[in-house]
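Engineer: Provide a 3D model corresponding to the input given below.
(chains A and B)
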Amino acid sequence: MRYALRHKSLALINILSVALGVSVFLAVQIANRSANAAFRAGIDVVAGRANIEVRGTLDDSLFPRLRELAGVTAATPLVERVVTLPGWPGEYLHVLGIDPFTNSSFENFKFSKSAGEAFDADAWFGDPRSLAVSKSFADAHHLKRGDSIRVEFGERQVDLVVSSVLQAKDGDSHFAAMDIGWAQELFGLQGKLTGVLLQISDPNHPEPVYERIRSLVPPDAVVQEPGARSGQVEQMLSGFELNLTALSMISLLVGVFLIYNTVTASVVRRRSEIGILRALGGSRAKVRWLFLGEAAFYGMIGSVAGCVGGVLMANFLVSAVSTTVTNLYVLTSIDHFYLPFWQIPLVVSAGMASVLVGAWIPANAAANVPPLHALNMEVLIERSERPRVIWLVLSAGCLVAAFGASVLALRGCPIASFAAAFFTLIGFCCLSPAVTHRFGAGAGRFLRPLLLPRLAARNLVRSLYRHAVTVAALASALAMLVSVSIMIYSFRRTIDRWLARRLVADLFVAPAANEIVGFENFIPEDLMRFLRSQPEVEMIDTFRYLDLRVNGAPTFLGVINGSGRSIPDFLGGKNAEKYKAFRAPDTAIISESLSRRLKVNQGQTVSIATPLGSRRFLVAGVFYDYSRDSGLMLMQEANFEKFWHESRVNSLALYLRPGTDIEKMIRRIRTGYPNAQDYSVYSNRALRDAVVEVFNQTFAVTQVLRVIAVLVAVIGIALNFTVLVKEREREIGTLRAVGVSRRQVRGLIVWESVLVGIMAVLLGVVTGVALSVVLTEVINKAFFGWTIPLQIPWDQLFWTPVWLLPAAVLASLPPANQASRRNIIDIVRTDA
Amino acid sequence: MRSVVTLTIWMVLLIAPAARGEKMNEEGWAVALPGYQITLPQDHFPHYQFRTEWWYFTGNVSTADGRPFGYQLTFFRHGYRPPGVEPPVTSRFVMNEVKFAHFAVTDISAGKFHFDGRVSRGAFGEAGFADGNRLAWIDNWELGYNNNNFNLMAAAQDYAIELELMPERPAVRQGADGLSQKAAGEGHASYYYSITRLKTSGTIKIGSASYKVEGSSWFDREWATNQLTPEQSGWNWFAIQLSDGSDLMLYQMRLKNGGIDSHSDGKWIAPDGASSGLSADDFHLVPEKYWTSPANKASYPVEWKLTIPKLSLDLQISPALENQELNLSVVYWEGSVRFKGRRAGKAVDGVGYMELTGYQGKAPGLAGSTR
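Structural biologist: Coordinates of the predicted model:
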């Protein structure tokens, strides 16, 4: 403890390295849990205490029949629609039409009791525009009773009036409520419901009630426990979240290396103290616990600081995670941080564990030093100049384990893929002593004519393990950076190729609001007529998207009709042949990820819930698709209409006659069609850009983590050289005493940091490439099922040393300056 | 041709209230003004152009061996959209008026008071007004009207009634020829008539036991738009059937400042059916005992001393059971009471009902929910 107070910088380094690892880990945990909690709260807002929910387009005359079913104790109808808010671009409201008479036992909505916000029955039932918004939404948008709020859906804009406020709960603030009757009128859903919630008398044995319900509702209606929906979404999200967690754990691993360095430094500096302690009869265990206790002390402070830092960092991560989840999975907004109480002890334990693991080896070494050696000034703790073979054996062992884990992961145990990544990283880190030794020796020979570089290279070999650990720490931070860069780059190139193949039309038209709320809005007939009447339009492909159950699992169906110019790439090739087969009756094609999820391949049949009941479709092919992780099924419109009897479409792809000026055509649509402002019209180029933008947003979280990796790397260099300089004060003093100038001392340390930097880059890049193989071929395959051919971004890799080496030099300057300024007599006389 | 007929019918319906001397408030509801002639049976049926109305039945019955019961069954209509309001709608859930009902039975000898309430949108016809032989209904609670007789049917969790009511007297118009002024100012009034004695017979079920009962009921019928003012806090109302064949209705409008509004009113119906009005100055009501609700600590004056010098009437009013509080979305005391005293020097007694509102929460009438 006294030592810690005297050596503030070392203490600070220890604390910082723990804090950094803990912060990143905690921030990712908060982001993940908040995303799950936000979605679950959303379901709670809608479903409340329902045991069963029926979803789909239901005739409202079904409601009394459902309510009177045997075993049903309460029922309430719902009409839902997501609307956008032109007054706040990008904002939306999930409007729920509810029946206050029947929904009270579901406890999903509670009205504020305070004056000016409470439920106003006269307005609620009497005023068609009356809307209740959540407290947090009202506060965020400065709304009070009587204020009007413009909402948009389809081609309509309507001014609603805030008549009451929903009690603040942890739910999504984007939920708003109005009377079910007025919701039917507003959305043109007279006679229809989008859902019915039910409570049953025996929730433990719901099967007979399920059967009775299913016999009443249309076959494509979903009848399930409301929690099932959040379960499905959480399952979808789990892979994504696990990946984030794994990435965040790398920061803890880097912390282990940093702690190893600082504790080693402390052991080196205090060897005489250890000697005296041992000579006075102090046991080995006492010495060991002295150092472990000290590390634990830092670890505790660092973990607590890390918890604070993690909460701050979560601010940035949460919005990035929210964007990704919305892009890839479901419309979600994370309004609240969610951190279960047990996470704090978990995170602190993880921080403490990393400290103890990092401190164990040096503490053990200190305990095993014979007292005489410790007291002898000439004997350094670091004596080995040759790397021990054990590290190479360990490395080989880890790499074999990594391979084994990869095989396991691809054979149906996805979680093993993280073991594969871990062993790969450790396996390469174990090579660090050998690399440092070879590189130091080689550089020594190569730089022989130059005094300082030669000395610096010699130092690498002399304190081999100290440097090897520094190199390993930097290399693992770099490896994380490199591997994630390679994965994103490969993914991006794959998307580019996929877009080039799939986006072949000249113009794309869709309701603008769908970009915010999903496929809620449709292309009206008159817009279709207008576009068909344009002489430049050669052909129009139409698309319809809807949620659907295939083999009982929720998935996404795309219904296409048109030219067939945009043919997907199929697994196993023969694109034209498979696409032709796809046009046959009762046939569909599925994406690679859906094929993996359902374990269904080409030539097999799947059962699809249609309004006419469950029907079997033949899978004519499995195609590459990167649009959504949960999977996509495509169906020809003729096949769809046969069962669904409807022909509404969500978006259009227009093929123009050769030579048409595309910009002019867009202007014509903008000026010629009366409600054109409600539609997005993209040129091919613009849509590709938009998709790439979504791609970038999707990887926003990973970008944030990349930035953190860079920070860890740079801070790591600074920390390590501060330690190195402290550790070698006597040596530096001796050098100064024999006539080496301050400048030369500084130069020596800078050269050493350059050499360490170069080694870290070499090892880091190689490790990163190996990790990226694990990321794309193992983790991605095991969790997402996307085919991503590995592509190396050579330019990015080339630039890594270009920024890292100057960063290394910069980071080493303060400790180098400090070392050069020390008083020679002071440091040579005795160890401080 | 058909559309012309439809149009004419609509015109008549829309103009009808105005043609009958009614005035609309700014929201489009008719208000109760002097000059309206109550006619039966038409006015038994709903008045959609008014915001609020109710059909209020109370009564005291007993089994052949003398086991006494009190009952109350009330159907309410509260409008949200006056007839003809824009926009016209097709959604069955859009609710022009809410339907609700209160149902209570006092099992006097068992010392038990049962009460329940129902409220409904009526989107699927499960609640409504004026359909075939029914004047009002919510699910299986029904007010039937057939050959000038009323049929009451209601079943709650563990009690039920099925009663037939035959008027023994013609309806009497309350207030000034049916216009009951509830506060100062035009329109602060309701249209109000009562049938003060209906011969009643049928069954009451408590739990699994079923009782054949006979007795006498009281029917109050009232409709209005905004009869109360913000200064009023509630009222005390009495329906009194005396053993000498006379009936008496009294109400006191209480003010928030603790006073009694001068628009309190009463009606005396002599055994021969002749009726005469009583003004606030004509009767004195002095509370003699309070009962405190264990549920909400509201304190109700459940025993009274009534003196009406003009009629040489002195009556002691006491509850058949102290706890007859209906703890529903609106909280009030409504229950069977007993009378004992002297009229013109002769001893009389009687049975009836008492209603005490505004002692807990806000006065229900201001929201237009109960009487």
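
Engineer: switch to C-alpha atoms for all contacts and neighbour counts from now on
Structural biologist: Noted.

Engineer: how is chain B carved up into domains?
Structural biologist: Following automatic domain parsing, chain B resolves into domains at B:1-227, B:230-371.

Engineer: dump those domains to CSV, plus mean pLDDT and mean neighbour count.
Structural biologist: Putting those into CSV (pLDDT from 0 to 100; neighbours: other CA atoms under 10 Å in any protein chain shown) gives the following:
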stretch, mean pLDDT, mean neighbour count
domain B:1-227, 87, 19
domain B:230-371, 89, 18
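
Engineer: run the chain-centre distance for stretch A:598-617.
Structural biologist: In terms of CA atoms, centre = their mean, to the nearest Å, the centre of stretch A:598-617 is found 32 Å from the chain centre.

Engineer: so what's the most centrally placed residue in chain B bridging to?
Structural biologist: For chain B, the residue nearest the mean C-alpha position is B:Tyr56 (3.4 Å; CA atoms, centre = their mean). Residues in a beta bridge with B:Tyr56, per DSSP bridges, are B:Thr74, B:Asp220.

Engineer: hang on, A:Ser485 in a strand?
Structural biologist: No: counting by DSSP: H, G, I helix; E, B strand; the rest coil, A:Ser485 is not part of a strand but helix.

Engineer: what sits against it?
Structural biologist: A:Ser485 makes contact with A:Pro793, according to CA atoms under 8 Å, 6 or more residues apart in numbering or on different chains.

Engineer: surely A:Ile749 and A:Ser812 touch.
Structural biologist: Yes: using CA atoms under 8 Å, A:Ile749 is in contact with A:Ser812, at 7.2 Å.

Engineer: OK, contacts around A:Asp159?
Structural biologist: Neighbour list for A:Asp159: A:Arg129, A:Ser148, A:Ile149, A:Arg150, A:Val151 [criterion: CA under 8 Å, 6+ apart].

Engineer: does the last one lie in a helix or a strand, and which?
Structural biologist: Translated: A:Val151. Here A:Val151 sits within strand A:148-153, counting by DSSP states H and E.

Engineer: please identify the buried residues of the helix or strand following that strand?
Structural biologist: The C-terminal neighbour of strand A:148-153 among helices and strands, as given by DSSP H and E, is strand A:156-166. The neighbour-count check on strand A:156-166 (16 or more other CA atoms under 10 Å in any protein chain shown) flags A:Leu160, A:Val161, A:Val162, A:Ser163, A:Ser164, A:Val165, A:Leu166 as buried.

Engineer: rewinding a little: nearest to A:Val738, out of the domains of chain B?
Structural biologist: domain B:230-371 (94.6 Å; CA to CA).

Engineer: which residues sit in contact with A:Thr555?
Structural biologist: Here A:Thr555 is in contact with A:Asp547, A:Leu548, A:Arg549, A:Ser630, A:Gly631, A:Leu632, A:Met633 (criterion: CA under 8 Å, 6+ apart).

Engineer: need the residues you listed in a markdown table (columns: distance to chain B).
Structural biologist: Below are the contacts of A:Thr555 laid out as a markdown table (distance: CA to the nearest CA, whole Å):
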| residue | distance to chain B |
| --- | --- |
| A:Asp547 | 26 |
| A:Leu548 | 28 |
| A:Arg549 | 30 |
| A:Ser630 | 37 |
| A:Gly631 | 37 |
| A:Leu632 | 36 |
| A:Met633 | 35 |
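
Engineer: any idea which of the residues you listed is closest to A:Phe617?
Structural biologist: Distance to A:Phe617 across those (CA to CA) is lowest for A:Met633, with 11.0 Å.

Engineer: surely the closest one and A:Ser593 touch.
Structural biologist: No: the criterion here is CA under 8 Å, and A:Met633 misses it with A:Ser593 at 10.1 Å.

Engineer: out of the contacts of A:Asp159, which are buried?
Structural biologist: Of the contacts of A:Asp159, these count as buried by 16+ other CA under 10 Å: A:Arg129, A:Ser148, A:Ile149, A:Val151.

Engineer: backbone dihedrals for A:Val133, please?
Structural biologist: Reported as degrees, to the nearest 10, the phi and psi values for A:Val133 are phi -110, psi 160.

Engineer: I'd like to know how far B:Ala64 sits from chain A.
Structural biologist: According to CA to the nearest CA, to the nearest Å, B:Ala64 and chain A sit 39 Å apart.

Engineer: tell me how far the residue nearest to B:Lys340 when sequence neighbours are not counted lies from A:Gly154.
Structural biologist: Distance criterion CA to CA, 6 or more residues apart in numbering or on different chains; nearest residue to B:Lys340, sequence neighbours excluded, is B:Asp349 at 4.3 Å. Look at B:Asp349 and A:Gly154: by CA to CA, to the nearest Å, they are 71 Å apart.

Engineer: for A:Val559, same thing?
Structural biologist: 20 Å.

Engineer: these two: which is more packed in?
Structural biologist: Comparing A:Val559 with A:Gly154 by other CA atoms under 10 Å in any protein chain shown, the one with more neighbours is A:Val559, at 23 against 19.

Engineer: and the helix or strand hosting the more buried one, which strands flank it?
Structural biologist: Assigned by DSSP H and E, A:Val559 falls within strand A:553-561. Strand pairing for strand A:553-561, using DSSP bridges, gives strand A:537-550 (antiparallel), strand A:632-636 (parallel).

Engineer: other SSEs contacting the helix or strand following that strand?
Structural biologist: Under the assignment DSSP H and E, the closest C-terminal helix or strand after strand A:553-561 is helix A:575-582. Judged by 3 or more CA pairs under 8 Å, 6 or more residues apart in numbering or on different chains; DSSP states H and E, the packing partners of helix A:575-582 are strand A:587-591, strand A:613-623.

Engineer: chain B: which of the ones you listed is closest?
Structural biologist: Of all the helices and strands packed on helix A:575-582, it is strand A:613-623 that lies closest to chain B, at 27.6 Å by CA to the nearest CA.

Engineer: tell me what that closest one is packed against?
Structural biologist: Under the contact criterion of 3+ CA pairs under 8 Å, 6+ apart, strand A:613-623 touches helix A:575-582, strand A:587-591, helix A:592-598, strand A:605-610.

Engineer: which one of those is the most hemmed in?
Structural biologist: Most buried of the helices and strands packed on strand A:613-623, by mean neighbour count (mean count of other CA atoms under 10 Å in any protein chain shown): strand A:587-591, with a mean of 27.

Engineer: and the closest residue to chain B within the stretch 151-300 of chain A, helix, strand or coil?
Structural biologist: Distances between the stretch 151-300 of chain A and chain B by CA to the nearest CA are smallest at A:Gly181, namely 4.1 Å. Here A:Gly181 is recorded as helix under three-state DSSP.

Engineer: just A:Pro340 next, same as before
Structural biologist: Secondary structure assignment for A:Pro340 (three-state DSSP): coil.

Engineer: mind checking how far it is from B:Ser210?
Structural biologist: To B:Ser210, A:Pro340 is 57 Å away according to CA to CA.

Engineer: likewise A:Ser251?
Structural biologist: 77 Å.

Engineer: what does A:Ala760 give?
Structural biologist: 93 Å.

Engineer: is A:Arg448 in contact with A:Arg454, as I believe?
Structural biologist: Yes: using CA under 8 Å, A:Arg448 is in contact with A:Arg454, at 5.5 Å.

Engineer: between those two, who's got more neighbours?
Structural biologist: Higher neighbour count among A:Arg448 and A:Arg454: A:Arg454, with 22 against 14, using other CA under 10 Å.

Engineer: element containing A:Tyr298?
Structural biologist: helix A:284-328.
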